[in-house]
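Participant: Sharing a model that was predicted from the sequence below.
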Amino acid sequence: MLKIKQADYDAMRQHGEETYPHECCGIMLGRPVIPGENEVVELMRAGNTRTDSAHNRYHIAPQELIKAQREGRKKDLEIVGFYHSHPDHPAHWSKTDFDEAHWYGCSYVITAVAQGKAEVTNSFLLRGSNEDDKVFDHEKIEVEA
């Protein structure tokens with residue numbers, strides 16, 4: 001399960017609308033509550049550094065990941081997941097999303113943005129210990145007021 005405040009949930013979806021027709025991306029800082037359950041405390045927007053196909057791919061620069069880790073440590077938080085949008089595509093992971101996911105135990109949130117309007121938002125927990133046994137499990141999103 002992914003626990004997230006309503007304001008942060010809305011901010012992720014709005015980010016997708018703002019970057020349409022390109023994919024947005026960002027980092028979720030928080031705490032793992034128990035194995036398989038993450039709580040988001042703060043979002044960090046990231047720039048999509050993909051120049052070849054930003055309309056259907058995203059990439060977060062390593063410098064931004066390091067910055068997020070450092071900011072998190074100052075607040076006793078860690079990276080618990082990532083979010084991105086799928087312009088005019090379903091809120092489900094693609095083969096590329098799966099191939100490029102390497103943060104085990106993290107939540108990967110995807111918002112479908114149709115014609116500039118955020119629609120469905122889903123989350124997937126990356127389980128496993130290496131490339132041979134990794135899987136994405138659909139996870140419930142609990143939006144807290």
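Facilitator: Arrived safely.

Participant: Go ahead and flag the most central residue of this protein.
Facilitator: In the chain, the C-alpha nearest the mean C-alpha coordinate belongs to residue 83, at 1.8 Å (Cα atoms, centre = their mean).

Participant: where does that one land in three-state SS?
Facilitator: strand (DSSP: H, G, I helix; E, B strand; the rest coil).

Participant: And it, how close does it get to residue 138?
Facilitator: 15 Å (Cβ to Cβ, to the nearest Å). Using the backbone N, CA and C atoms, a C-beta is placed for each residue, glycine as well.

Participant: what does residue 12 give?
Facilitator: 17 Å.

Participant: who's in contact with the residue nearest to residue 134 when sequence neighbours are not counted?
Facilitator: Distances taken as Cβ to Cβ, 6 or more residues apart in numbering place residue 128 nearest to residue 134, at 3.5 Å, with adjacent residues excluded. Contacts for residue 128 (Cβ atoms under 8 Å, 6 or more residues apart in numbering) come out as 104, 134-135.

Participant: Now neighbour count, pLDDT and secondary structure too, for the residues you listed, in TSV please.
Facilitator: Converted to TSV, the contacts of residue 128 look like this (neighbours: other Cβ atoms under 10 Å; pLDDT from 0 to 100; DSSP: H, G, I helix; E, B strand; the rest coil):
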residue	neighbour count	pLDDT	secondary structure
104	13	95	coil
134	15	97	coil
135	10	98	strand
